[in-house]
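Asks: Structure of the sequence below:
(one chain, ligands or ions: 1)
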Amino acid sequence: MSKSTSKNKESSRTSARRKHDHVDIVLNKDVAFHSKTTGFESVDFVHNALPELNFSDVDPAVVFLNKKIIAPLMVSCMTGGFAQGATINRLLASVCEEMGIPMGVGSQRIMLDNPLKDKSFKVVRDMAPSIPVLGNIGATEVAKLHQDEYRIDDFYRLVDVIGADALVVHCNPLQELLQPEGNTNFSGVLDGIALLVEKLDCPVIVKEVGAGISDDVARRVLSVGVTYIDVAGAGGTSWSGIEMYRRGDGDSSHPFWDWGIPTRESLEMVAALRPEFPALRVIASGGIYDGVTAAKAIASGADIVGAARVFLETGIRGGRRSLKKQIRRWIEDIKGVMFLTGARSVIDLRQVQLKKRR
Ligand SMILES: Cc1cc2nc3c(=O)[nH]c(=O)nc-3n(C[C@H](O)[C@H](O)[C@H](O)COP(=O)(O)O)c2cc1C
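Replies: Sure thing, here's the model as predicted:
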């Protein structure tokens, strides 16, 4: 066996183990932020007692990545690359297809080392032929593209295998910093992103994983041609917490447990760049756990909203039926907010004012 083949096998085993640990820890430990919140709890809609519309005319459908989706909602990137990951992806994809909302796959890094792992990602497109499906890769792998360690063809493959409508690049320096086997070489990421934007046929989405995107970071990625940003802010799942459990200390008093920009603050900072970058599309995620909060995120400037941990927990604990029920409930609640604020469409909801809670 050549040195590089055995190195790839080792790296593929580590990636699979890591993805397994993530699901295991998320399901069995307290991985929420402790004192930091998303910020959505401090604002409220102003009730409109004269909405002047018929509830049956309220329509939450939007177009996302050139496809019509039933509501501005998606299941955020989570998993793949190991046996249970394939089962989870199959479940999430079949529900998303039935409900008509997009879904992201977890990091496809393992596919770069081991094509045998393609299956656990490909299953998503097999189960969900019509919805937008998002591929996913880490920023440090994208940096290697610029350092000539990977070729652009490797990234074409990530997109092709799942028929991705977009490729998400997750920028997760906090997670890598605390991850036992983390890669903290973030030099060259922006150049790598620029190359992807230039070469891929689909859009590139830049995303955090729960520590938020600042206006400065957003401006830098928008300047190289990115048009979609998922703020994935703080207040929901603490990825430093998850990595602390993995390295065996689970120290909830660690100063980085609650590190990051709260989701609402990050969303407002990024959405404020629209006049400068009119093509910008913003995804709000990070601690959004119900339909009313999702509606608040839209009214704060998001085009669509994503959630990860809540949907994973419901899918695994309650199965298909419970997950469908939960997503249906979110959509009903988004429609309820639209009715009670006089918003017929999601474009109208974006104009609705939120008021600071007293
Ligand atoms: C089990 C699990 C695995 C995840 N894996 C990835 C991943 O591979 N790539 C990624 O971009 N985000 C990943 N995430 C992060 C989520 O997409 C999301 O940004 C983050 O969890 C915050 O959202 P939440 O508060 O709704 O969980 C993962 C989340 C969970 C719960």
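Asks: can you list the residues of the chain near the ligand?
Replies: Within the chain, the positions near the ligand by Cβ under 6 Å from any ligand atom are 22-23, 26, 76-79, 106-107, 136, 168, 170, 207, 209-210, 232, 236-237, 285-287, 307-309, 312. Just so you know, the C-beta spots here come from the backbone N, C-alpha and C atoms, and that holds for glycine as well.
Asks: do that again at 5 Å, thanks
Replies: Contact residues, the chain versus the ligand (Cβ under 5 Å from any ligand atom): 22-23, 26, 76-78, 106-107, 136, 170, 209-210, 232, 236-237, 285-287, 307-309.
Asks: Go through those and flag which are in strands.
Replies: 136, 170, 307 (DSSP state E).
Asks: Looking at these, which is nearest the ligand?
Replies: Checking these against the ligand with Cβ to the nearest ligand atom, the nearest one is residue 170 at 3.3 Å.
Asks: List the contacts of residue 341.
Replies: 45, 46, 47, 48, 51, 299, 349, 352 (Cβ atoms under 8 Å, 6 or more residues apart in numbering).
Asks: now with 6 Å?
Replies: 45, 48, 352 (Cβ atoms under 6 Å, 6 or more residues apart in numbering).
Asks: Mind putting the residues you listed into JSON lines with secondary structure?
Replies: Formatted as JSON lines, those follow (DSSP: H, G, I helix; E, B strand; the rest coil):
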{"residue": "45", "secondary structure": "strand"}
{"residue": "48", "secondary structure": "coil"}
{"residue": "352", "secondary structure": "coil"}
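Asks: Would you mind giving me the ChimeraX syntax to select the buried ones in the residues you listed?
Replies: Selection command for ChimeraX covering only the buried members of these, criterion 16 or more other Cβ atoms under 10 Å:
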select :45,352
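Asks: could I get the contacts of residue 341 as a markdown table with distance to residue 30 and pLDDT?
Replies: Shown next, in a markdown table, are the contacts of residue 341 (distance: Cβ to Cβ, whole Å; pLDDT from 0 to 100):
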| residue | distance to residue 30 | pLDDT |
| --- | --- | --- |
| 45 | 30 | 98 |
| 48 | 38 | 97 |
| 352 | 34 | 97 |
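Asks: What is the nearest of the contacts of residue 341 to residue 115?
Replies: Of all the contacts of residue 341, residue 115 sits closest to residue 352, with 47.6 Å by Cβ to Cβ.
Asks: how close does the closest one sit to residue 46?
Replies: 8 Å (Cβ to Cβ, to the nearest Å).
Asks: What of residue 304?
Replies: 23 Å.
Asks: And these two? Which one has more around it.
Replies: Higher neighbour count among residue 304 and residue 46: residue 304, with 26 against 10, using other Cβ atoms under 10 Å.
Asks: What confidence value was assigned to the more buried one?
Replies: For residue 304, the pLDDT comes out at 98.
Asks: Chain neighbours aside, what residue packs nearest to it?
Replies: Distances taken as Cβ to Cβ, 6 or more residues apart in numbering place residue 72 nearest to residue 304, at 4.0 Å, with adjacent residues excluded.
Asks: residues contacting that neighbour?
Replies: For residue 72, the contact set (Cβ under 6 Å, 6+ apart) comprises 62, 298, 304, 346.
Asks: ok, those residues vs the ligand, which is closest?
Replies: Nearest to the ligand among the contacts of residue 72 is residue 304, at 13.4 Å by Cβ to the nearest ligand atom.
Asks: Who are the packing partners of the host helix or strand of residue 94?
Replies: Element membership for residue 94, per DSSP states H and E: helix 83-99. In terms of contacts (3 or more Cβ pairs under 6 Å, 6 or more residues apart in numbering; DSSP states H and E), helix 83-99 is packed against strand 103-104, helix 119-127, helix 309-340.
Asks: Can you give the contact residues for it?
Replies: With contacts defined as Cβ under 6 Å, 6+ apart, helix 83-99 is touched by 19, 75, 79-80, 103, 120, 123-124, 127-128, 131, 315, 323-324, 327.
Asks: which SSE is residue 259 in?
Replies: Going by DSSP H and E, residue 259 is not in any helix or strand.
Asks: which of the helices and strands packed on helix 83-99 is buried the deepest?
Replies: Mean neighbours per residue, mean count of other Cβ atoms under 10 Å, is largest over the helices and strands packed on helix 83-99 for strand 103-104, with a mean of 28.
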